[in-house]
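Asks: only geometry, no sequence info:
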Ligand SMILES: Nc1ncnc2c1ncn2[C@@H]1O[C@H](COP(=O)(O)OP(=O)(O)OP(=O)(O)O)[C@@H](O)[C@H]1O
Ligand SMILES: O=P(O)(O)OC[C@H]1O[C@](O)(CO)[C@@H](O)[C@@H]1O
Ligand SMILES: [Mg+2]
């Protein structure tokens with residue numbers, strides 16, 4: 001009986017890179033080949049679909065990448081793909097090359113592109129790969145665990161020097177408006193204040209008074225964790241120093257958080273999601289995102305997935321206020 005599912009699939013990474021994307025690419029390529037499909041790797045996100053920047057993959061193309069950060073396929077933010085003309089160019093490339101299924105590893109923006117391409121007739125499946133962990137329908141996204149461990153290691157180092165100098169250290173943590181990375185780093189590093197977008201926050205009440213009362217308890221060094229884009233951390237450091245008398249320095253962790261060897265957890269997650277994505281395409285199913293929910297791999301319609309909301313864990317935030325004093 002003739003197969004109805006995909007016979008030749010593509011895989012691409014899109015948006016900000018995330019450690020573990022390579023493990024996802026490897027899983028997609030090896031699983032597809034094992035199932036008798038042909039596989040190609042699309043370079044530089046959706047740009048590669050528009051320009052035809054595409055390489056043939058075999059089982060050895062993905063050797064020695066499992067433990068590497070970044071993405072062997074490169075990634076990009078491709079503005080042209082937000083327009084219908086860009087999507088049609090991508091569809092044409094797929095048709096010309098006989099690509100009848102695509103796996104996109106990226107964040108929420110990348111999933112919008114995946115949906116558009118599915119609606120245009122190319123079955124496309126998304127896998128969450130972003131350090132921000134802002135994919136509402138998934139407990140975790142590929143890269144979050146590694147970025148968290150990287151941020152924790154960096155803040156532990158800041159803590160050593162802050163402690164030695166009796167200083168306050170304000171640290172800015174990535175997240176693109178989502179506080180997951182900041183909250184978990186703040187908890188794991190014992191930050192005396194954690195400032196994320198999702199909660200009501202007052203600098204005088206939640207930082208200045210907290211430092212003063214904590215200082216009166218005998219503590220002389222402080223970590224303040226702040227989500228990226230909320231405030232100017234250098235100005236905040238000056239304000240803290242002026243109002244508390246505690247010498248204060250600011251550090252922006254920046255893109256350090258996106259690099260490095262993926263943790264075992266991210267590699268396992270990427271492998272599970274990659275295999276499930278191929279299994280969907282094998283059945284001819286597209287317009288889905290493959291995610292992890294309570295340690296089970298599940299898939300959702302992309303639009304439904306994008307409409308879901310995931311706040312931060314408010315209870316955890318309150319717990320941190322009680323404990324990190
Ligand atoms: N509305 C849209 N329609 C079609 N394609 C889109 C849309 N939004 C984003 N994309 C495509 O997805 C790419 C990545 O989107 P975005 O920059 O939002 O990153 P992301 O996938 O959310 O990942 P991260 O937030 O982790 O960097 C965009 O550059 C564009 O090519
Ligand atoms: O690499 P760029 O384009 O500077 O993007 C930075 C953004 O990407 C992320 O690292 C991942 O979405 C965000 O945390 C951050 O806001
Ligand atoms: Mg995003």
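Replies: Yep, that arrived. What you see is a predicted model; the values in this text were computed from it and never measured. Residues are numbered from 1 along each chain as shown. Ligands and ions are numbered 1, 2, ... in the order given.
Asks: Nearest residue to the residue of the stretch 151-300 of the chain found nearest ligand 1 in space, ignoring adjacent ones along the chain?
Replies: Taking Cβ to the nearest ligand atom as the measure, the stretch 151-300 of the chain has residue 176 as its residue closest to ligand 1, at 5.3 Å. (Each C-beta comes from the backbone N, C-alpha and C, glycine too.) Excluding the flanking residues, the one nearest residue 176 by Cβ to Cβ, 6 or more residues apart in numbering is residue 132, at 4.9 Å.
Asks: What is the burial count for residue 104?
Replies: 29 (other Cβ atoms under 10 Å).
Asks: Ramachandran coordinates for it?
Replies: Note on residue 104: its backbone torsions stand at phi -110, psi 120 [degrees, to the nearest 10].
Asks: So what sits opposite it in the bridge?
Replies: residue 12, residue 126 (DSSP bridges).
Asks: ok, back up a step: let me know the secondary structure of the residue nearest to residue 176.
Replies: Assigned with DSSP: H, G, I helix; E, B strand; the rest coil, residue 132 falls in the coil class.
Asks: which ones are touching it?
Replies: Contact analysis of residue 132 by Cβ atoms under 8 Å, 6 or more residues apart in numbering lists 16, 107, 141, 144, 174-176, 178, 180-181.
Asks: how far away is it from residue 138?
Replies: 11 Å (Cβ to Cβ, to the nearest Å).
Asks: does the residue of the stretch 151-300 of the chain closest to ligand 1 really touch residue 228, like I thought?
Replies: Yes: counting by Cβ atoms under 8 Å, residue 176 does reach residue 228; the two are 7.0 Å apart.
Asks: Compare neighbour counts for those two and give me the winner.
Replies: residue 228 (22 against 17).
Asks: nearest spatial neighbour of the more buried one, skipping sequence neighbours?
Replies: residue 174 (4.9 Å).
Asks: And for residue 148?
Replies: residue 184 (5.3 Å).
Asks: any idea whether the residue of the stretch 151-300 of the chain closest to ligand 1 is helix, strand or coil?
Replies: Going by three-state DSSP: residue 176 is coil.
Asks: Now do the contacts for it.
Replies: Here residue 176 is in contact with 132, 134, 228-229 (criterion: Cβ under 8 Å, 6+ apart).
Asks: just to revisit the earlier point, distance to residue 42 and pLDDT added to the contacts of residue 132, as TSV?
Replies: Formatted as TSV, those follow (distance: Cβ to Cβ, whole Å; pLDDT from 0 to 100):
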residue	distance to residue 42	pLDDT
16	17	97
107	17	96
141	20	98
144	24	98
174	26	98
175	27	97
176	23	94
178	27	96
180	28	97
181	28	98
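Asks: farthest-separated two in those?
Replies: 16 and 180 (14.4 Å; Cβ to Cβ).
Asks: Which positions in stretch 194-206 come out as buried?
Replies: 194-196, 198-199, 201, 203, 206 (16 or more other Cβ atoms under 10 Å).
Asks: Check stretch 279-289 too.
Replies: 279-282, 285-289.
Asks: from those residues, which is closest to residue 254?
Replies: residue 289 (28.1 Å).
Asks: mind checking pLDDT for the closest residue to residue 140 other than its chain neighbours?
Replies: Distances taken as Cβ to Cβ, 6+ apart put residue 292 closest to residue 140, at 5.7 Å, once the chain neighbours are dropped. Here, the pLDDT recorded for residue 292 equals 98.
Asks: which helices and strands sit right next to whatever helix or strand residue 268 lives in?
Replies: For residue 268, the enclosing helix or strand under DSSP states H and E is helix 264-282. Helices and strands touching helix 264-282, by 3 or more Cβ pairs under 8 Å, 6 or more residues apart in numbering; DSSP states H and E, are helix 21-34, strand 101-106, strand 124-128, helix 144-165, strand 288-293, strand 296-301.
Asks: Would you indicate which residues of stretch 223-239 are buried?
Replies: Neighbour-count burial for stretch 223-239 [16+ other Cβ under 10 Å]: 223-228, 230-231, 233, 236-237, 239.
Asks: Pipe the buried residues of stretch 279-289 into JSON lines and attach pLDDT and distance to ligand 1 per row.
Replies: JSON lines is the format used below for the buried residues of stretch 279-289 (pLDDT from 0 to 100; distance: Cβ to the nearest ligand atom, whole Å):
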{"residue": "279", "pLDDT": "98", "distance to ligand 1": "23"}
{"residue": "280", "pLDDT": "98", "distance to ligand 1": "19"}
{"residue": "281", "pLDDT": "98", "distance to ligand 1": "19"}
{"residue": "282", "pLDDT": "97", "distance to ligand 1": "24"}
{"residue": "285", "pLDDT": "97", "distance to ligand 1": "20"}
{"residue": "286", "pLDDT": "98", "distance to ligand 1": "15"}
{"residue": "287", "pLDDT": "98", "distance to ligand 1": "13"}
{"residue": "288", "pLDDT": "98", "distance to ligand 1": "16"}
{"residue": "289", "pLDDT": "98", "distance to ligand 1": "12"}
